[in-house]
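K.L.:
Compute the structure for the input listed below.
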Amino acid sequence: MRRLVARTAAILISATAGLVVAAPPATAAIIPKTPPLTTPWTGQVSTTNPLPEYPRPQMTRPDWQSLNGEWEFLNPATDAAGNVNRNAAPPIGQTLPERILVPYPVESALSGIMRSDNRDLMFYRRTFTVPQGWSGRRVQLHFGAVDYEATVWINGTQVTTHRGGYDRFEVDITPQLTGGSNEIVVRVYDPTDGRGEKQPIGKQTNNPSGIFYTPSSGIWQTVWLEPTATSSIYSADIYPNITNNTVRVRVFTRGNVTGHTVLAEAMNGTTVVGSSAGGFTEFTVPVPNARRWSPDDPFLYNLRVSLRNAAGATVDQVINYFGMREVGTKLVDGVLRPTLNGEFVFQAGTLDQGFWPDGLYTAPTDAALLFDLQKHKDLGFNMVRKHIKVEPARWYYHADRLGLLVWQDVPSTPPFDANRTAAQIAQFQTEAREIVDEHRAFPSVITYVPFNEGWGEWSLADTASLTRELKAYDPTRLMNAHSGFNCCAAKGDPGTGDMIDWHVYTGPDAPRPSSSRVSILGEFGGIGLRTPGHEYSPDNQFFAYEQVFSNAQLNDRFTGMIRDSQRLMTTKGLSGFVYTEITDLEGEYNGLFTYDRRIQKIDTLAVRAALTDLIRASRNQNSAVPLTLGHVRSFRVTTAGHTGRHLRHANSLARTDVISGDGARQDASFRTVAGLADPRCHSFESVNLPGRFLRHASGQVRIDANPAAGDATWCARPGLAAGGVSFEAYNQPGSFIRHASENVLLAANDGSALFAADATWNVADPALWRSSVLLPYDARRSLQVTTWGYTDRYLRHADGLGWTAAVNASSSALLKADATFTLRRGLAESSCYSLESANFPGQFLRHASGRIRLASSDGSALFAADATFCARPGLSGTGVTFESLNFPGSFLRHYDAQAHIASGAGAGPDRPLTLTADSSWTVANPWTP
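P.N.:
Now for the predicted structure:
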């Protein structure tokens with residue numbers, strides 16, 4: 001929808017009642033109030049020129065004038081019943097009694113008002129002068145956002161009325177202007193909590209508590225003037241096509257454009273790389289050899305759009321920007337995944353609600369607006385969910401240039417209230433479409449979320465219908481029809497959109513994807529850490545879904561959730577998550593930063609490492625030949641007559657040999673990790689020399705510590721010969737690992753059948769050495785829990801079952817013996833381990849029906865397999881994890897003091913929550929030597 005606001009109001013509201021304005025002396029120059037918490041930017045706010053940056057980074061023109069700053073202000077009195085007259089006459093030509101700093105909300109400290117009562121009706125007034133250099137051009141008056149209903153008068157003439165607290169509007173005020181001082185009066189009606197109107201309000205409430213916050217009434221985004229030509233460009237939609245390296249452009253105009261044409265030029269900086277002329281329907285512009293926009297490389301092209309008259313002269317010109325990127329969904333290894341530029345990338349973000357203790361809805365400065373987004377990038381997130389709020393255009397510009405994917409919520413109408421009139425429903429739909437319109441040009445915006453947990457939802461059928469309409473309105477974005485439909489006031493799963501989205505606190509857990517919708521964990525986490533002196537609650541109550549008591553505990557818990565989500569990616573098909581949340585808020589202390597942004601609660605390096613591993617693991621699934629990360633592989637020769645040989649390392653060089661003996665088996669086994677130079681490829685780490693990787697150097701394949709990332713990265717390709725896999729050097733395309741005699745080399749493909757055979761390897765067979773952590777055989781050890789809060793517990797047996805129990809130096813001899821096991825060669829695989837009881841020799845831990853038990857071997861192959869576990873680096877990043885030999889992907893874990901095997905794909909003991917921590921053990925000295 002395109003709404004050009006006419007010079008005359010689209011909705012005429014008659015001034016049916018007079019307005020009496022008290023006339024006390026005007027206050028002195030405005031002084032902001034003291035907020036409940038100051039941010040680092042509170043003192044940087046200018047009271048004469050706040051938020052001076054150009055407010056619309058798209059559609060830029062050189063001339064503009066900010067109207068931010070000091071305005072006169074009036075809250076009219078209410079009647080005896082507490083009501084106001086929303087149609088009250090404007091105070092034209094009258095001095096108003098208070099001063100307010102625009103564009104900060106009335107309730108905010110930075111506004112200088114900081115009043116929460118009697119704010120349903122407000123008047124703003126100021127004067128301004130139009131620069132003489134604008135003579136002969138039209139003057140457009142822009143409002144970034146006004147909550148909720150704004151009526152505007154220029155020099156006593158009503159010029160427009162607009163409803164909607166989250167979208168911009170503008171009006172041509174040229175006919176009302178004079179050559180000198182001009183007066184602007186804005187009447188704002190904002191029934192917070194939706195009284196009568198039930199308009200979209202997001203999380204604003206008159207009685208803030210819990211997860212609902214102080215309102216933001218009135219003007220809360222920049223007000224500004226802009227001169228335009230008589231015939232001018234209003235907006236431009238830009239849709240990239242990465243398949244054919246073009247962008248589709250459609251230009252919207254104002255004024256008489258009969259006989260006019262449009263020239264659109266794609267530019268790398270100031271260099272034109274492609275251009276095309278067209279009219280006012282969609283046309284395409286070439287972008288040769290386009291550089292794709294992504295979180296890894298957020299490259300932006302400029303688009304210069306010129307409006308030309310019938311004689312070919314340029315009458316108007318604007319500069320836009322765009323990113324060459326596309327989003328969609330596709331099957332990846334049999335699972336439906338969201339894609340960016342045709343590849344699955346796990347979307348890892350936080351819930352970002354955009355509240356500030358000093359400015360509420362309005363960030364105090366542009367640097368503050370940038371801060372939260374920059375911290376997302378610093379921590380390793382690649383996505384942010386803008387929750388039930390819309391930000392100023394500069395926020396999306398910052399996301400575009402930083403490279404953050406954005407899920408944009410549609411602000412909800414009052415929650416837990418399903419009664420809606422047809423007019424109220426139509427207004428919600430209008431505002432939702434306007435939000436889509438205003439964000440078409442931002443490459444960062446990839447997903448829309450119309451409903452959250454049923455807030456304001458009036459019927460399931462209407463939810464399904466509206467979300468289908470919005471998807472059709474912009475099919476280039478993904479549609480998350482209802483985030484958290486499993487929660488709260490939701491009326492159920494609408495079955496529409498591209499995502500099936502659960503909220504699970506504390507989580508993580510996930511729905512399974514369907515054939516048409518990807519699996520999303522739309523909210524989880526909420527881990528709270530108190531920070532006295534940096535908290536604020538309007539009702540002095542504080543809330544978090546789970547509490548921790550130190551930064552170390554928060555780091556452990558949060559990074560564990562990230563690792564658990566990585567397991568969910570493979571066990572349940574999870575494709576994205578939204579952690580609650582980036583900052584504390586009023587009454588909530590579950591942020592990664594405090595509400596005042598002065599304290600960071602988590603460790604950047606630890607969180608970034610966990611998120612990087614998760615995102616790299618997702619990108620690895622795009623490999624032409626996916627290999628399971630973390631597992632061990634051996635490379636068997638496929639050349640006829642030599643299939644008994646395997647690739648191994650010896651004296652740091654790679655060669656092929658017929659393998660026998662433990663040492664050689666370990667030499668011929670490599671742990672698979674995401675490619676050091678590109679996670680879509682692979683690197684291979686030596687099992688018996690951890691930290692050394694298979695790499696090429698001067699045409700020879702060898703193992704080395706700390707190799708150049710490109711030299712140690714191999715891209716799996718379908719075998720050059722049938723029946724295997726070939727490994728192409730990442731930094732030398734066309735060259736592959738091949739064997740020649742017993743040597744292993746990097747060589748360019750010569751196209752021969754012999755080369756194809758020698759460069760094709762069988763990696764499907766079980767690895768020659770199945771454990772990627774080497775532990776001593778025939779040695780007693782105790783297995784200590786690594787999960788935070790339970791590290792005094794150890795694995796033990798009692799009454800034939802596996803348990804965990806607290807063990808210390810004063811524990812009984814029996815308990816100590818029950819918590820001690822002898823590490824034996826695996827009963828079913830000698831490169832793995834079986835755990836023999838120290839006080840019941842001949843009895844081993846085995847799994848049966850998911851439970852860990854202690855039993856004597858019955859000599860069966862099943863018992864041997866059930867009692868064999870392969871050691872791998874701890875899933876939590878510490879310790880050792882024991883993986884079931886006969887149920888790969890299931891691990892020895894503790895749950896509720898019991899020991900089980902679990903994959904994290906179910907409920908109860910098999911739940912995904914804390915799986916990685918519960919499945920990681922410290923192999924400690926034995927309690928019974």
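K.L.:
what about residue 98, how many neighbours?
P.N.:
Applying other CB atoms under 10 Å, we find 18 residues neighbouring residue 98. Backbone N, C-alpha and C define where each C-beta goes, glycine included.
K.L.:
Any figure for the gap between it and residue 182?
P.N.:
21 Å (CB to CB, to the nearest Å).
K.L.:
Please determine how far the closest residue to residue 228 other than its chain neighbours is located from residue 897.
P.N.:
Once flanking residues are discounted, residue 228 sits nearest to residue 138: 5.0 Å by CB to CB, 6 or more residues apart in numbering. Separation of residue 138 from residue 897 (CB to CB) stands at 75 Å.
K.L.:
more crowded one of the two?
P.N.:
Between residue 138 and residue 897, residue 138 has the larger neighbour count (other CB under 10 Å), namely 18 against 11.
K.L.:
Just list the residues touching the more buried one, thanks.
P.N.:
172, 174, 227-230, 232, 255 (CB atoms under 8 Å, 6 or more residues apart in numbering).
K.L.:
any idea how far it is from residue 523?
P.N.:
Residue 138 sits 46 Å away from residue 523, going by CB to CB.
K.L.:
ok, now residue 658?
P.N.:
On the measure of CB to CB, residue 658 and residue 523 end up 55 Å apart.
K.L.:
And the two? Which one has more around it.
P.N.:
Ranked by neighbour count (other CB under 10 Å), residue 658 and residue 523 place residue 523 first, with 27 against 10.
K.L.:
Which helix in this structure has the most residues?
P.N.:
Ordering each helix of the chain by length in residues (DSSP state H) puts helix 551-571 first.
K.L.:
Tell me the gap between it and the middle of its chain.
P.N.:
With CA atoms, centre = their mean, to the nearest Å as the basis, helix 551-571 stands 15 Å off its chain's centre.
K.L.:
Which other helices and strands does that helix contact?
P.N.:
Applying 3 or more CB pairs under 8 Å, 6 or more residues apart in numbering; DSSP states H and E, we find helix 551-571 packed against strand 518-525, strand 527-528, strand 574-580, helix 604-620, helix 915-918.
K.L.:
run the last query once more with 6 Å
P.N.:
Secondary-structure packing of helix 551-571 (3 or more CB pairs under 6 Å, 6 or more residues apart in numbering; DSSP states H and E): strand 527-528, helix 604-620, helix 915-918.
K.L.:
tell me the most buried of the ones you listed?
P.N.:
When those are scored by mean count of other CB atoms under 10 Å, the highest mean neighbour count falls to helix 915-918 (a mean of 28).
K.L.:
tell me the mean pLDDT for the very next helix or strand once past it?
P.N.:
Toward the C-terminus, helix 915-918 is succeeded by strand 921-924 as the next helix or strand (DSSP states H and E). When pLDDT is averaged over strand 921-924, the result is 98.
K.L.:
buried set for strand 921-924?
P.N.:
Neighbour-count burial for strand 921-924, counted by 16 or more other CB atoms under 10 Å, picks out 921-923.
K.L.:
Take the helices and strands packed on helix 551-571 and write them to a markdown table, including mean pLDDT and distance to residue 270.
P.N.:
Below are the helices and strands packed on helix 551-571 laid out as a markdown table (pLDDT from 0 to 100; distance: least, CB to CB, whole Å):
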| stretch | mean pLDDT | distance to residue 270 |
| --- | --- | --- |
| strand 527-528 | 97 | 47 |
| helix 604-620 | 94 | 33 |
| helix 915-918 | 96 | 49 |
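K.L.:
okay, the ones you listed in CSV with distance to residue 283 next?
P.N.:
Listed next are the helices and strands packed on helix 551-571 as CSV, based on distance: least, CB to CB, whole Å:
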stretch, distance to residue 283
strand 527-528, 51
helix 604-620, 35
helix 915-918, 52
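K.L.:
Who are the contact partners of the closest residue to residue 510 other than its chain neighbours?
P.N.:
Once flanking residues are discounted, residue 510 sits nearest to residue 574: 4.1 Å by CB to CB, 6+ apart. Contacts for residue 574 (CB atoms under 6 Å, 6 or more residues apart in numbering) come out as 510, 519, 568.
K.L.:
what do you get for residue 711?
P.N.:
695-696.
K.L.:
again, only using 7 Å
P.N.:
Contact analysis of residue 711 by CB atoms under 7 Å, 6 or more residues apart in numbering lists 695-697, 731.
K.L.:
just the helices in the stretch 601-750 of the chain please.
P.N.:
Per DSSP state H, counting those that start in this stretch, the stretch 601-750 of the chain carries helices over the ranges 604-620, 662-667.
K.L.:
out of those, nearest to residue 904?
P.N.:
Proximity to residue 904 (CB to CB) singles out helix 604-620 among the helices of the stretch 601-750 of the chain, at 14.2 Å.
K.L.:
leaving aside the residues next to it on the chain, what's closest to residue 267?
P.N.:
Among residues not flanking residue 267 along the chain, residue 302 sits closest, at 4.1 Å (CB to CB, 6+ apart).
K.L.:
Confirm that the one you found sits in a strand.
P.N.:
Yes - assessed by DSSP: H, G, I helix; E, B strand; the rest coil, residue 302 belongs to a strand.
K.L.:
Quick one: residues contacting it.
P.N.:
Contact analysis of residue 302 by CB under 7 Å, 6+ apart lists 267, 319, 321.
K.L.:
Who wins on neighbours among these?
P.N.:
Of all the contacts of residue 302, residue 321 has the most neighbours under the rule other CB under 10 Å, reaching 19 neighbours.
K.L.:
List the contacts of that residue.
P.N.:
Residue 321 neighbours (CB under 7 Å, 6+ apart): 58, 300-303.
K.L.:
Residues contacting stretch 812-827, please?
P.N.:
775-782, 794-798, 805, 807, 832-839, 844, 857, 864, 867-868, 885, 926-928.
K.L.:
Show me how far it is from its chain's centre.
P.N.:
That offset, for stretch 812-827, works out to 45 Å (CA atoms, centre = their mean).
K.L.:
Quick check: end-to-end length of it?
P.N.:
30 Å (CA to CA, to the nearest Å).
K.L.:
Looking only at that stretch, what residues are buried by neighbour count?
P.N.:
Of the residues in stretch 812-827, those with enough neighbours to count as buried (16+ other CB under 10 Å) are 815-824, 826-827.
K.L.:
closest to residue 706 among the residues you listed?
P.N.:
residue 823 (31.0 Å).
K.L.:
Give me the distance between that closest one and residue 777.
P.N.:
For residue 823, the distance to residue 777 equals 6 Å [CB to CB].
K.L.:
For ChimeraX, write the selection for the buried entries among the contacts of residue 138.
P.N.:
The following ChimeraX line selects those of those that are buried, judged by 16+ other CB under 10 Å:
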select :172,174,227,228,229,232,255
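K.L.:
Redo the contacts of residue 138 as TSV? Include pLDDT, secondary structure and distance to residue 705.
P.N.:
Listed next are the contacts of residue 138 as TSV, based on pLDDT from 0 to 100; DSSP: H, G, I helix; E, B strand; the rest coil; distance: CB to CB, whole Å:
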residue	pLDDT	secondary structure	distance to residue 705
172	97	strand	68
174	97	helix	71
227	97	strand	64
228	97	strand	63
229	96	coil	65
230	95	coil	70
232	96	strand	63
255	93	coil	68
